[in-house]
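In: no sequence for this one, just the structure:
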């Protein structure tokens, strides 16, 4: 087994999972991860060891995913297809939670890329702010600001998507 084959075997699942968080299409996620490995293989000589290999590989993958997602048309989110009924008395809580999570993931896909990548890395991929900043290649404060702005955008979108009253209407 070659050294790069060992790298692919070790990191393949994580890169596919990360790609999936950006597109929610398994076959596209596999293609994106494969493209990331090809780019990493071509750029392997450029890795200087200034960061951990995993941070470098995730940065290469993120740049690949960013390029792919920018070429894709933005997600049109038909609100009536994801809106949830306000009262679901006979539906199990887990079903409602799953529907809410699906709506949130779809709303994240509508975020501008700079906010989406920070949200995906921090909330869905479980990266610390510092690791997300290193992967994206921006200062820690920039990631914090992008996360804050993304949360604000999602707060505006989600009441409409989830068919809930606006926060101001709830007596805030």
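Out: Nice, thanks for sending it over. Computed from a predicted model, the values in this text were never measured in an experiment.
In: In the helix or strand hosting residue 57, which residues are buried?
Out: Element membership of residue 57 [criterion: DSSP states H and E] is helix 53-71. Of all the residues in helix 53-71, those buried under the rule 16 or more other Cβ atoms under 10 Å are 56-66, 68-69. Heads up, the C-betas are built off the backbone N, CA and C, glycines and all.
In: cool, stretch 28-47 as well?
Out: When burial is assessed from 16+ other Cβ under 10 Å, stretch 28-47 yields the following buried residues: 28-29, 32-37, 39-40.
In: circling back: can I get the buried residues of helix 53-71 in TSV with distance to residue 150?
Out: Putting these into TSV (distance: Cβ to Cβ, whole Å) gives the following:
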residue	distance to residue 150
56	25
57	24
58	19
59	20
60	23
61	20
62	16
63	19
64	21
65	17
66	15
68	20
69	15
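In: May I ask which helix or strand of the chain has the lowest mean pLDDT?
Out: helix 79-82 (a mean of 47; mean pLDDT, DSSP states H and E).
In: confidence score at the most centrally placed residue in the chain?
Out: Most central residue of the chain, judged by C-alpha distance to the mean C-alpha position with Cα atoms, centre = their mean, is residue 120 at 2.7 Å. Confidence per residue is given as pLDDT, and for residue 120 that number is 91.
In: And for residue 109?
Out: Model confidence at residue 109, given as pLDDT, is 85.
In: what about it, neighbour count?
Out: If you count neighbours by other Cβ atoms under 10 Å, residue 109 ends up with 17.
In: now swap in the one 4 residues further on and tell me
Out: As a burial measure, the neighbour count of residue 113 was computed by other Cβ under 10 Å and equals 13.
In: Would you confirm that it contacts residue 65?
Out: No. With contacts counted by Cβ atoms under 8 Å, residue 113 stays clear of residue 65, the gap being 9.5 Å.
In: residues in contact with the helix holding residue 57?
Out: For helix 53-71, the external contacting residues (Cβ atoms under 8 Å, 6 or more residues apart in numbering) are 7, 11, 15, 18-19, 22-23, 28, 32-33, 35-36, 39-40, 43, 47, 51, 113, 116-117, 121, 131, 134-137.
In: Report the distance from that helix to the chain centre.
Out: What separates the centre of helix 53-71 from the centre of its chain is 12 Å, taken as Cα atoms, centre = their mean, to the nearest Å.
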